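Novice: all I have is the shape, not the residue letters:
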């Protein structure tokens, strides 16, 4: 079963607008990661935020983590048509000894030119 | 470095058959994980291998098995295929090693799309 939920399930915006995706999870985590997937291909790692971090930036991406609410958000600023993809959050349980990722259901983002 | 490679990329099988999928991790990576992606269940963890040992296992029936070789290459096998096994199977690698603060980023291959008829 999936660790958490992502909201919204689908998002359609115009190029240049910002896109915000939210992720909620159920149990204590070690870290949370965001991945992008283009139409049924492999996933690409975007950003990792550890449980003791609250915010992280990478280029046009900004991720926040609120462990008290068990939630995270991914903000893509100044979106481009090339950002059209599915975005997944993935969590690593606090006591997991390895690399097991538990994925959310994903947000399908469409950026219209 | 070359990325994660998976073979074959596409596969069509019939119910009851078995299938073996292969994954070659990024050079130097010792951890290989497998995931199943379906429209209904999303992305689900199958298992993880590190240094030829299964380190984690997801909630899948025993028909799903895997192994890792000394060169870190990994295979997964599905026996007695069912229609519901139709999915995109993704392999991911990471450096592995001692996990001090949880998993590091994982590098995914392009996947093997399995269709069971």
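Specialist: Done, it's in. Please read all numbers here as calculations on a predicted model, not as lab measurements.

Novice: show me the shaky parts of the chain.
Specialist: With no chain named, the answer covers chain A. A:1-4, A:95, A:97 (pLDDT under 70).

Novice: right idea, wrong chain: chain B
Specialist: B:97-103.

Novice: any idea which residue sits dead centre in it?
Specialist: Closest residue to the average C-alpha location of chain B: residue B:34 at 2.6 Å, with CA atoms, centre = their mean.

Novice: count of residues packed around the nearest residue in space to that residue that is not next to it in sequence?
Specialist: Of all residues not flanking residue B:34 in the chain, residue B:46 sits nearest, at 4.1 Å (CB to CB, 6 or more residues apart in numbering or on different chains). Bear in mind the C-beta positions are built from the backbone N, C-alpha and C, glycine included. When neighbours are counted by other CB atoms under 10 Å in any protein chain shown, residue B:46 registers 22.

Novice: isn't residue A:45 right next to residue B:105, touching?
Specialist: Yes. Residue A:45 lies in contact with residue B:105 (CB atoms under 8 Å); the separation is 4.1 Å.

Novice: what touches both of the two?
Specialist: Here residue A:45 and residue B:105 have residue A:33 as joint contacts, going by CB atoms under 8 Å, 6 or more residues apart in numbering or on different chains.

Novice: quick revisit: quick check: beta-bridge partners of the residue nearest to the centre of chain B?
Specialist: Beta-bridge partners for residue B:34, by DSSP bridges, are residue B:47, residue B:91.

Novice: show me the contacts for it.
Specialist: Residues counted as contacts of residue B:34 (CB under 8 Å, 6+ apart) are B:23, B:45-48, B:66, B:74, B:76, B:89-92.

Novice: also residue B:5?
Specialist: Listed by CB under 8 Å, 6+ apart, the contact partners of residue B:5 are B:23-24, B:109-110.

Novice: so the closest residue to residue A:34 other than its chain neighbours: helix, strand or coil?
Specialist: Leaving out its chain neighbours, the residue that sits closest to residue A:34 by CB to CB, 6+ apart is residue A:46, at 4.4 Å. Recorded secondary structure, residue A:46: strand (DSSP: H, G, I helix; E, B strand; the rest coil).

Novice: and the strands in chain A, which stretches?
Specialist: Secondary structure of chain A (DSSP state E): strands located at A:5-7, A:10-14, A:19-24, A:29-37, A:43-50, A:55-58, A:61-66, A:71-76, A:85-93, A:102-103, A:107-112.

Novice: touching chain B at all, the first one?
Specialist: To tie it back to what came earlier, the one meant is strand A:5-7. No. On the criterion CB under 8 Å from any CB of the partner chain, strand A:5-7 is out of touch with chain B, staying 9.8 Å away.
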